[in-house]
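Asker: A predicted structure for the sequence below; I have some questions about it.
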Amino acid sequence: MSPARSALIWGLFAAAVAVPVAAAAVSPLLAWRQPVYIAAGFAGVIAMALLLTQPLLAGGYLPGLPAQRGRRVHRWTGGALIAAIAVHVAGLWITSPPDMVDALLFASPTPFSAWGVAAMWTALGAALLAAFRARFRRKLRIWRRGHTALVSMTVIGSVAHAMMIEGTMETVSKTVLCACTLAATGKAVVDLRAWAIRPRRGS
Amino acid sequence: MPAIPFTRRSFLAAGSFAVAMGGPGLLVPARAQGLAPTPSMRGGANNYRPGAPIVDRIGGGGFWMTGTVRRAGDGAPLAGQRIQIWAHTTEGHERDQRSHGATLTDQNGEFRLEMPQIVPAFGQPHGHLAYDSGDFETVFLRPVMRNAKDTSLSAHFVLQPA
């Protein structure tokens, strides 16, 4: 790949991630929020940015990080994603416990809460599968299908969650980030033929 | 040959007159008697603080929370009813004591309380209202603003005697 093309891809990726984060950082809503609430909201924005990174790493679409090398980064990014979700949920719990209890019990008046909570559980499931991948050595096809199904649900749930929220994220940059995440996830699932029977790696 | 008393025209005229007069006459009392009590909304009671004081205004004002309180069944306006109001505003979080206040309905069952501008919190610009004085069943409402820039919001109570 030419250096120019490589720089272009990295530049687009950086913009897709950095613009929504920067826009959220200057949201007028922050003036009326306590530090814990601001941190919780930001953790959600960062989680959305990490969510775009994951399929790009899994598919090896970022120059210099082909699928094999990218997979190690993919694992760390996945850990960071779970940490961001944990900070998001914990921060919102501290900010308003009854609203968070409603959300976690799927009894919230806001429909985006159910999408977010569902995506949290599927993300946790995908991360747990990743943590115990070694146990699936002889059943990698099952592992791959499970991980793909869970992350697909996570992406759809997270995008629905983010798009319905009237919060600190700016609408256009949020929409672009979500569209990129959906497209990258779809491409990675198709390119990796996640559902297919593949010869075992190395054989 | 005797004239037929009802022509098609007179039949239609008499028929539509009967529907016009009798239809609403039958429907209106039925609707009023059936005025259903307002159910509490999901999440309406979140961050509720019982016993918010009756105030002229919450904080610096600039935003109006308005509404009506009526009796279930006949829809009669209820005067002197205490409505508690709280929200995430430019001056404080829902949980903060200073974000809470109460007001009484007037002779027409209407209430109107000035409060700071409501800002989006937990994903929606919304307010909270409560009736919990005991004469009627407790009701918690959580209306959502159509636009975060709106400077007023209204909520309507139809209360069921306790």
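Answerer: It's in.
Asker: OK, contacts around the residue sitting nearest the centre point of chain A?
Answerer: In chain A, the residue lying closest to the centroid (Cα atoms, centre = their mean) is A:Leu51, at 2.1 Å. Residues counted as contacts of A:Leu51 (Cβ atoms under 8 Å, 6 or more residues apart in numbering or on different chains) are A:81, A:154-155, A:158, A:181. For every residue, glycine as well, the C-beta is placed using N, CA and C.
Asker: same thing but at 6 Å, please
Answerer: Residues in contact with A:Leu51, defined by Cβ atoms under 6 Å, 6 or more residues apart in numbering or on different chains, are A:158, A:181.
Asker: check which helix or strand it maps to.
Answerer: Per DSSP states H and E: A:Leu51 is located in helix A:35-58.
Asker: how about that helix: buried residues?
Answerer: Buried residues in helix A:35-58, counted by 16 or more other Cβ atoms under 10 Å in any protein chain shown: A:37-58.
Asker: likewise for stretch A:100-109?
Answerer: A:100, A:102-104, A:108-109.
Asker: sitting in helices, which of those do you find?
Answerer: By the criterion of DSSP state H, membership of these in helices covers A:100, A:102-104.
Asker: now, which of those sits nearest chain B?
Answerer: Checking those against chain B by Cβ to the nearest Cβ gives A:Asp102 as the nearest, at 5.4 Å.
Asker: near chain B, which residues of chain A show up?
Answerer: Counting by Cβ under 6 Å from any Cβ of the partner chain, chain A comes close to chain B at A:32, A:98-99, A:102, A:109-110, A:112, A:165-167.
Asker: kindly recompute the last result at 10 Å.
Answerer: When proximity is defined as Cβ under 10 Å from any Cβ of the partner chain, chain A approaches chain B at A:27-29, A:31-34, A:37, A:41, A:92, A:95-103, A:107-113, A:116, A:161-162, A:164-168.
Asker: just give the nearest non-adjacent residue to B:Ile54, would you?
Answerer: B:Ala102 (4.9 Å; Cβ to Cβ, 6 or more residues apart in numbering or on different chains).
Asker: pretty sure that neighbour sits against B:Tyr48.
Answerer: No - at 11.8 Å, B:Ala102 does not count as touching B:Tyr48 under the criterion of Cβ atoms under 10 Å.
Asker: which neighbours do these two share?
Answerer: B:84, B:86, B:130 (Cβ atoms under 10 Å, 6 or more residues apart in numbering or on different chains).
Asker: could you count how many residues lie near the closest residue to B:Arg95 other than its chain neighbours?
Answerer: Spatially, and ignoring its direct neighbours in sequence, B:Arg95 is nearest to B:Asn47 (4.9 Å; Cβ to Cβ, 6+ apart). For B:Asn47, the neighbour count with other Cβ atoms under 10 Å in any protein chain shown is 20.
Asker: now do the same for B:Asn47: helix, strand or coil?
Answerer: What DSSP: H, G, I helix; E, B strand; the rest coil gives for B:Asn47 is coil.
Asker: you'd agree it is up against B:Gly92?
Answerer: No - under the criterion of Cβ under 10 Å, B:Asn47 is not in contact with B:Gly92, lying 11.0 Å apart.
Asker: and the buried residues of stretch A:100-109, which two are furthest apart?
Answerer: Largest separation among the buried residues of stretch A:100-109 by Cβ to Cβ: A:Leu104 and A:Pro109, giving 14.0 Å.
Asker: hang on, the earlier thing: who does the helix or strand just after the helix holding A:Leu51 touch, helix- and strand-wise?
Answerer: Counting by DSSP H and E, the next helix or strand C-terminal to helix A:35-58 is helix A:67-95. Under the contact criterion of 3 or more Cβ pairs under 10 Å, 6 or more residues apart in numbering or on different chains; DSSP states H and E, helix A:67-95 touches helix A:35-58, helix A:97-104, helix A:111-131, helix A:140-164.
Asker: what's the angle from the last one to helix A:35-58?
Answerer: Between the axes of helix A:140-164 and helix A:35-58, defined by axes from the mean of the first three to the mean of the last three Cα atoms, to 10 degrees, the angle is 140 degrees.
Asker: average pLDDT for helix A:140-164?
Answerer: When pLDDT is averaged over helix A:140-164, the result is 96.
Asker: same question, the third one
Answerer: Per-region confidence: helix A:111-131 scores 97 on mean pLDDT.
Asker: now do the strands in chain B.
Answerer: Applying DSSP state E to chain B gives strands spanning B:63-71, B:82-87, B:100-104, B:110-115, B:127-131, B:139-141, B:152-159.
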